[in-house]
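Engineer: what would the 3D arrangement of this be:
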Amino acid sequence: MGVGVFGSRKGWWTVIGLAGVAGAAAVAARRRSAGSAEAAAPDRSDVFSTPRFEPEVLSVVSADGTELHVRVFGDPDAEPIVFSHGWVCSTEFWNPQVNALAGKYRVVTYDQRGHGRSGIGTAPLSPDVLADDLAAVLAATVRDGHKAEIVGHSMGGMSIVAWARRYPEQVEQYASSILLASTGTDKLVAETTIIPLPQRFPRVPMPVGRAILGSTLPMPASPMATRAIQYIALAPGSARDEIAFCEQIVNACPRQTRGGWGAALSTLDITDGLKNLTVPTTVLVGAADRLTPPSHARRLAQLLDDTEHLDRLIVLPGIGHMTSVEAVDEFNTEIERLRALG
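Structural biologist: Numbering: from 1, shown residues only. Below is the predicted model of the structure:
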């Protein structure tokens, strides 16, 4: 693992490019295997498969009465890790983490409202709703005497920042540390690189971006749809099993949920919530992320560093938006490192 340290106004950033030593070898081997017709793909069925651990299934009621589907894996007395998934995903998105970590930790996953088995409710979709839902899950699953590491991917990371913004007093009550992966807090339309633009138009116009994110058009399974999902959400060299796993999850999302949350996120600005993340926080991003490119991660890291709560900024070379799927080992290693902090 290569480590570069760069100065900042308040302290030091530890910026880790996992292109060194073992990290580079693993990523390069996977990319070569994915890109070669002759290479035999490694058997990773145990990574993406339905968890072998039997979950405790909870129905947690959010502030507006919406029921959220929650799964709790592992020893009830173990240290908790709470996972919050992203837009158009579900609890199944965290299978690689549950399979790796539930034998050692109390692992909590939940379906964001409108996703998976959670209701969508009647409240307007907004950052405050994301905050209320995460607050309800934490209250129901983090036991007295424990604090959780809270891991959020994409919209799940936005949920964490929205929660800290709305419930600042709960951050140190419930959280030991935080991992914000592949996420942003503002300018989601302006900084996306999904749509190639001529140089004279450096940013996607807001009406165009909102229309794309808010689309409820059907997405029937097809080779073209598979290529589109890979282009938008994963890196060009992603392995076939990574693409198939993400495609299955994305295709299961109701199109009204996809469009409703897409429109809500298109105007998101919750940056002021970062100042309330008063526990060690890692920001992690794939260098090839088109949805929330590294410009978001660097901005989050700078703002967290200004309040002296940035623990690490990690950039994963050759990895796209689905960091927890495309770089399972590196992602899980950082989760365990943060969990060990307290």
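Engineer: shaky segments in the stretch 201-342 of the chain?
Structural biologist: Of all residues in the stretch 201-342 of the chain, those with pLDDT under 70 make up the ranges 201-220.
Engineer: helices along that one, start to end?
Structural biologist: Counting by DSSP state H, counting those that start in this stretch, the segments of the stretch 201-342 of the chain that form helices are 206-213, 223-233, 240-251, 255-266, 294-306, 323-326, 328-339.
Engineer: would you mark the buried spots in the third one?
Structural biologist: Read that as helix 240-251. Judged by neighbour count using 16 or more other C-beta atoms under 10 Å, the buried positions of helix 240-251 are 241-243, 245-247, 249-250. Using the backbone N, CA and C atoms, a C-beta is placed for each residue, glycine as well.
Engineer: quick one: the strands in the stretch 51-200 of the chain?
Structural biologist: Assigned strands in the stretch 51-200 of the chain, in chain order: 56-61, 67-73, 80-84, 106-110, 148-153, 175-181 (criterion: DSSP state E, counting those that start in this stretch).
Engineer: these: which one's closest to residue 256?
Structural biologist: Among the strands of the stretch 51-200 of the chain, strand 67-73 comes nearest to residue 256, with 17.5 Å by C-beta to C-beta.
Engineer: pLDDT averaged over that closest one, what's the number?
Structural biologist: Across strand 67-73, pLDDT averages out at 98.
Engineer: direction included, what does that strand pair against?
Structural biologist: Sheet pairing of strand 67-73 (DSSP bridges) gives strand 56-61 (antiparallel), strand 106-110 (antiparallel).
Engineer: for residue 292, see how far away residue 225 is.
Structural biologist: Note on residue 225: its distance to residue 292, by C-beta to C-beta, to the nearest Å, is 21 Å.
Engineer: neighbour-wise, which of those two wins?
Structural biologist: Legend: neighbour count by other C-beta atoms under 10 Å for residue 225 and residue 292, higher for residue 292 (28 against 15).
Engineer: grab the nearest non-local neighbour of that one.
Structural biologist: Nearest residue to residue 292, sequence neighbours excluded (C-beta to C-beta, 6 or more residues apart in numbering): residue 184, at 4.5 Å.
Engineer: the one you found touches residue 155, doesn't it?
Structural biologist: No: contact criterion C-beta atoms under 8 Å: residue 184 and residue 155 do not qualify, at 9.9 Å.
Engineer: what about the closest residue to residue 301 other than its chain neighbours, how many residues nearby?
Structural biologist: The shortest distance from residue 301 to any non-neighbouring residue, by C-beta to C-beta, 6+ apart, is to residue 313 (4.1 Å). By the criterion of other C-beta under 10 Å, residue 313 has 23 neighbours.
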